[in-house]
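Undergrad: what follows is a predicted structure for the sequence shown.
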Amino acid sequence: MTWTDVGLYIHIPWCRARCGYCDFNTYVLPEDGRSDVVDPYLRAVCEELEMASRRLGESRVATVYVGGGTPTMMSGEEYAVIMDAVTRNFQVVTDAEITTEANPETLTPRLLEQIRGIGVNRLSLGMQSAVGHVLASLDRAHTPGRVAQAVAWARSAGFDNLSLDLIYGTPGESLAEWETTLDAALALAPEHVSAYSLIVEDGTPLSRRMAAGELPCPDDDDLADKYLMADATLAAAGLGWYEVSNWALPGRECRHNMAYWRSTPWWGIGAGAHSFHDGVRWWNHRRPATYIAHVAQGSPVEGSERLSADQARVEAVMLGLRLAEGMDESLLTDTERARAQAYVDSGRLVRHDGRLMCSLEGRLIADGIVREILD
């Protein structure tokens, strides 16, 4: 019998409030009538997990990632409902990586003990910054000290695989303040750090404030300086980069996200979640009520596409060049290989054993390199 390992992504769409920079598929959870919103959604998630198990057949779950939104707005009992449905419908590998995203202000010692007790073994904590005015600009509710408290609780609950998510380039953030954030993050001894430049998405409150001149737009030189500082600081602490925006201690790379970057199969559960399997990508209805209604009708899928051989090749190039392991040069056409050679000559790409990977300088413009070399 041949088994295929897959990853499960489970989307929890609720937040206490929407951050000004966020364009994710999230919704503010009402304080009144909470169960009228949460309970039907969790039932639909469990039903979709059953659908997925029938579709995937002889597959094992290697990773589970509960994202959002703010999953830690759920109670321990609600997490248990989801994890019970996962283990009831799938063979979960013994050493499965089971991650939940978390916001510091929603964590308590009891919740952390509960979710660790039902098998969640990796925590991705939204720290963003250690500087108060930067957090305020991002509309984040927690104070800098809350992160350290949440990490201490997590360690006490038994979490030994902790990731901190950081954002750099927020309006008003100085280079020294970014250094403060990096130092504060490393003082908590995380196994993994994600550091993302601030992306201003159209239609968000942040983009409207910038368009009105209330806030300055991100500066490319400032972002580059902060990326270089992050790489040097994290490397000195023993965290190596393995994807453009991600660093980890050896063996603590996020296995779930590596599945995305390597285009291995995953199934997204929940409102607006995306999936990829057997060369087909599909996505669910975005609005929770619509998602719930369509699950009841037999399928939450809003649309799908089968990737052509060339589309799959282009994606492998785009994703591979973001990884430290790089991409197989044989994926490139003759004309693409010639254009890539110019980046090798300039030192922005490195060739090793038939693979191409970005140098540190190349990482600063990785997306641009892909655009330039592809036919």
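TA: Perfect, I can see it now.

Undergrad: tell me where the stretch 101-250 of the chain has strands.
TA: Remark: strands assigned in the stretch 101-250 of the chain by DSSP state E, counting those that start in this stretch are 122-128, 162-168, 192-197, 240-243, 246-248.

Undergrad: just after the shortest one, pick out the following helix or strand.
TA: Counting by DSSP states H and E, the next helix or strand C-terminal to strand 246-248 is helix 255-261.

Undergrad: can you name every helix or strand that that following helix contacts?
TA: strand 4-12, strand 59-68, strand 91-102, strand 240-243, strand 266-269, helix 309-320 (3 or more CB pairs under 8 Å, 6 or more residues apart in numbering; DSSP states H and E). Any C-beta I mention is one placed from the backbone N, CA and C, and that applies to glycine too.

Undergrad: pLDDT (mean, whole number) over that helix?
TA: For helix 255-261, mean pLDDT is 95.

Undergrad: dump the helices and strands packed on helix 255-261 to TSV, plus mean neighbour count, distance to D36 and mean pLDDT.
TA: As requested, the helices and strands packed on helix 255-261 are exported to TSV (neighbours: other CB atoms under 10 Å; distance: least, CB to CB, whole Å; pLDDT from 0 to 100):
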stretch	mean neighbour count	distance to D36	mean pLDDT
strand 4-12	22	16	93
strand 59-68	22	19	94
strand 91-102	18	24	96
strand 240-243	19	40	98
strand 266-269	24	21	96
helix 309-320	15	40	95
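
Undergrad: reformat these as a markdown table; add distance to E329.
TA: Below are the helices and strands packed on helix 255-261 laid out as a markdown table (distance: least, CB to CB, whole Å):
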| stretch | distance to E329 |
| --- | --- |
| strand 4-12 | 27 |
| strand 59-68 | 28 |
| strand 91-102 | 30 |
| strand 240-243 | 19 |
| strand 266-269 | 26 |
| helix 309-320 | 10 |
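
Undergrad: could you confirm D345 falls within a helix?
TA: Yes. Per DSSP: H, G, I helix; E, B strand; the rest coil, D345 lies within a helix segment.

Undergrad: distance of it relative to L364?
TA: Note on D345: its distance to L364, by CB to CB, to the nearest Å, is 17 Å.

Undergrad: out of these two, which sits in the busier spot?
TA: Each of D345 and L364 has its neighbours counted (other CB atoms under 10 Å); L364 has more, 19 against 9.

Undergrad: how about that one, nearest residue that isn't a chain neighbour?
TA: Of all residues not flanking L364 in the chain, A224 sits nearest, at 5.2 Å (CB to CB, 6 or more residues apart in numbering).

Undergrad: separation between that neighbour and R348?
TA: Taking CB to CB, one finds A224 at 13 Å from R348.

Undergrad: between these two, which is the more surrounded one?
TA: R348 (20 against 16).

Undergrad: quick check: the more buried one touching I365?
TA: Yes. Using CB atoms under 8 Å, R348 makes contact with I365 at a distance of 7.0 Å.

Undergrad: so what's the residue count around A342?
TA: A342: 13 surrounding residues under other CB under 10 Å.

Undergrad: now it: how far from V370?
TA: According to CB to CB, A342 stands 14 Å off from V370.

Undergrad: repeat for E47
TA: According to CB to CB, E47 stands 39 Å off from V370.

Undergrad: what's the answer for L138, then?
TA: For L138 relative to V370 (CB to CB), the value is 28 Å.

Undergrad: so between these two, which is more surrounded?
TA: L138 (21 against 18).

Undergrad: for the more buried one, phi and psi?
TA: phi -90, psi 0 (degrees, to the nearest 10).

Undergrad: isn't it up against I167?
TA: Yes. At 6.7 Å, L138 counts as touching I167 under the criterion of CB under 8 Å.

Undergrad: quick one: contacts for N284?
TA: Neighbouring residues of N284 by CB atoms under 8 Å, 6 or more residues apart in numbering: 268, 270-274, 291, 294, 300-302.

Undergrad: no wait, V344
TA: 350-351, 356.

Undergrad: out of these, which comes closest to T333?
TA: L356 (13.6 Å; CB to CB).

Undergrad: whichever strand or helix holds the closest one pairs with which strands?
TA: If you go by DSSP H and E, L356 is part of strand 355-358. Partner strands and pairing direction for strand 355-358 (DSSP bridges) are strand 327-328 (antiparallel), strand 349-352 (antiparallel).

Undergrad: what about the last one, distance to the chain center?
TA: Using CA atoms, centre = their mean, to the nearest Å, the mean C-alpha position of strand 349-352 is found 27 Å from that of the whole chain.

Undergrad: the longest helix in the chain is where?
TA: Using DSSP state H to define each element, the chain has its longest helix at helix 34-56.

Undergrad: tell me what that helix is packed against?
TA: Packed against helix 34-56 by the contact rule (3+ CB pairs under 8 Å, 6+ apart) you find strand 4-12, helix 76-89, strand 266-269, helix 288-296.

Undergrad: do that again at 7 Å, thanks
TA: For helix 34-56, the elements it packs on are helix 76-89, strand 266-269, helix 288-296, judged by 3 or more CB pairs under 7 Å, 6 or more residues apart in numbering; DSSP states H and E.

Undergrad: what comes into contact with that helix?
TA: 6, 10, 29-30, 78, 81-82, 85-86, 89-90, 267, 269-270, 288, 291-292, 295, 300 (CB atoms under 7 Å, 6 or more residues apart in numbering).

Undergrad: stretch 154-170 now?
TA: 109, 112-113, 116, 121-129, 134, 137-138, 151, 178, 181, 185, 188, 190-198, 218, 222-223, 226, 230, 252, 254.

Undergrad: of those residues, grab the buried ones for PyMOL.
TA: Only the buried entries of these go into this PyMOL selection, using 16 or more other CB atoms under 10 Å:
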select buried, resi 112+116+121+122+123+124+125+126+127+128+129+134+137+138+151+178+181+185+188+190+191+192+193+194+195+197+198+218+222+226+230+252+254
